[in-house]
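Trainee: Turn this into a model:
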Amino acid sequence: MRAFVTGISGFVGGHLTEHLLESGDQVAGISASGRFPTELAHLAGSARIEPFDLADADPEAFADLIRRKRPEAVYHLAAQSNPRASVDDPRGTWALNLGGALNLLTAVKDAGLDPTPRIVLVGSGVSYGEPPPEHIPVSESCPLRPNNPYSASKAAADLLGIQMRLSDGLDVTVVRPFNHAGPRQSPRYVLATLAEQVAQVEAGRREAVEVGNLDVVRDYTDVRDVVRGYRLLAERGASGEIYNLGAGRGLKLTDALETFRSLASRPIEVRVDPARFRKVDLPLLVADASRLRAAVGWEPLIPIERTLADMLADARARVAATG
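Mentor: The predicted structure is shown next:
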């Protein structure tokens, strides 16, 4: 299968590209930098990547790029994906998350490929906001109540994808992944920053792990299971349908930290840092992914214990590499 990935050089994009190549696909994609970072240098010889500003794309050039690549599947990952950062820069977040989706969908439409490629439009489970108890676990019928620019812009992009499926005949499938994590994730995200801080304490680089609110419960899926779900949707998902993607089990952040501490090579002190608390936080968010399971047979294969262990090993390697 010929695949085209936006955000190909990012955390999820790198794992997706690895999975697509392992599955025998031909992979091309775009990123703002136009190159793979050091940790993804092994992909440079196998996947083609081009620099592209998705939020400010030239329409004709973008359509021509899609026409030249002739993808059979398009995976739209590029986004400003950090809720905290979206509060600091709402305009930039909307420009990329909604404007970028519009630019991509329009380019695929204008490319005029026959057959039209399947577009896997990646939304977010946080677009459901803080669901009432009767909607836990969260199915696709739960009302959208986003509470920050990130989740609102992703919800809007979902609606845009469905609109262009109905009005323009694009082959769009929307997937709403819940929290995911794994090796190479940026320490801007909570599990990754916990892993990095534990590795730094082990290395004598800091005295303690600093934390915010660890009482929240999230549905974490290993990123390697997540990208496997994306490819299954490209192959067998229904056009115009929306699918939640999540393991369906809650992980309390306190328990995640205790797992990291149990894996550490020395005792880990923990300190509460008020600056790490979010203004708006969701106490409980767990997915009902039964629609996805029924449609494509997806199941999470990697237990959260392995995810956390792999993240700590990755953090240790990065800490060691920085001297």
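
Trainee: Per-residue pLDDT of residue 275, please?
Mentor: Reading off the per-residue confidence, residue 275 sits at a pLDDT of 78.

Trainee: Could you report the distance from it to residue 212?
Mentor: Per C-beta to C-beta, to the nearest Å, residue 275 is found 8 Å from residue 212. (Glycine included, C-beta is placed from N, CA and C.)

Trainee: Comparing those two, which shows the higher neighbour count?
Mentor: Neighbours per residue, other C-beta atoms under 10 Å: of residue 275 and residue 212, the larger number sits with residue 212, 17 against 6.

Trainee: Against residue 83, how distant is the more buried one?
Mentor: Using C-beta to C-beta, we find residue 212 at a distance of 13 Å from residue 83.

Trainee: next one: residue 257
Mentor: 20 Å.

Trainee: hmm, who's touching the helix or strand encompassing residue 243?
Mentor: Counting by DSSP states H and E, the secondary-structure element that holds residue 243 is strand 242-245. The contact list for strand 242-245 (C-beta atoms under 8 Å, 6 or more residues apart in numbering) reads 123, 125, 138-140, 158, 162, 173-178, 221, 226, 229, 233, 237, 287-289, 291-292, 295, 298.

Trainee: Separate out the buried members of those residues.
Mentor: Neighbour counting with 16 or more other C-beta atoms under 10 Å marks 123, 125, 138, 140, 158, 162, 173-178, 221, 226, 229, 233, 237, 287-289, 291-292, 295, 298 as buried within the contacts of strand 242-245.

Trainee: Please flag which of those residues sit within strands.
Mentor: For the buried ones among the contacts of strand 242-245, membership in strands holds for 173, 174, 175, 176, 177, 221, with DSSP state E as the criterion.

Trainee: Identify, from those, the entry nearest to residue 22.
Mentor: Here the nearest of these to residue 22, counting by C-beta to C-beta, is residue 221; it sits at 18.7 Å.

Trainee: ok, the closest one touching residue 248?
Mentor: No: under the criterion of C-beta atoms under 8 Å, residue 221 makes no contact with residue 248, lying 9.0 Å away.

Trainee: what about the residue nearest to residue 263 when sequence neighbours are not counted, is that helix, strand or coil?
Mentor: If the residues on either side of it in the chain are set aside, residue 263 comes closest to residue 312, at 5.5 Å by C-beta to C-beta, 6 or more residues apart in numbering. The three-state label given to residue 312 by DSSP: H, G, I helix; E, B strand; the rest coil is helix.

Trainee: quick one: contacts for residue 312?
Mentor: Taking C-beta under 8 Å, 6+ apart as the test, what residue 312 contacts is 195, 198, 199, 260, 263, 264.

Trainee: rerun that using 7 Å as the cut-off
Mentor: In this structure, residue 312 makes contact with 195, 198, 199, 260, 263, judged by C-beta atoms under 7 Å, 6 or more residues apart in numbering.

Trainee: And the furthest pair within those?
Mentor: Using C-beta to C-beta, the contacts of residue 312 reach their maximum pairwise distance at 199 and 263, which is 10.3 Å.

Trainee: Between the two, which is the more surrounded one?
Mentor: With neighbours defined as other C-beta under 10 Å, residue 199 and residue 263 compare such that residue 199 has more, 24 against 17.

Trainee: now what about the strand or helix carrying that one, what contacts it?
Mentor: Here residue 199, judged by DSSP H and E, is contained in helix 190-202. Outside of helix 190-202, the residues within contact range by C-beta under 7 Å, 6+ apart are 181, 185-187, 206, 208-210, 253, 256-257, 260, 264-266, 268, 311-312, 315-316, 319.

Trainee: Among those residues, which ones are in helices?
Mentor: Members of the contacts of helix 190-202 lying in helices (criterion: DSSP state H): 253, 256, 257, 260, 311, 312, 315, 316, 319.

Trainee: The third one: how many residues sit nearby?
Mentor: Other residues near residue 257 number 22, with proximity taken as other C-beta under 10 Å.

Trainee: The first one now?
Mentor: Residue 253 is flanked by 19 other residues according to other C-beta under 10 Å.

Trainee: repeat for the fourth one
Mentor: Residue 260 is surrounded by 21 other residues when neighbours are defined as other C-beta under 10 Å.

Trainee: tell me the helices in the protein, going along the chain?
Mentor: Read by DSSP H, the chain holds these helices, from start to end of the chain: 11-22, 59-69, 83-88, 90-94, 100-111, 149-168, 190-202, 223-236, 253-263, 290-296, 304-321.

Trainee: same for the fourth one, what does it pack against?
Mentor: Using 3 or more C-beta pairs under 7 Å, 6 or more residues apart in numbering; DSSP states H and E as the contact criterion, the secondary-structure elements in contact with helix 90-94 are helix 149-168.
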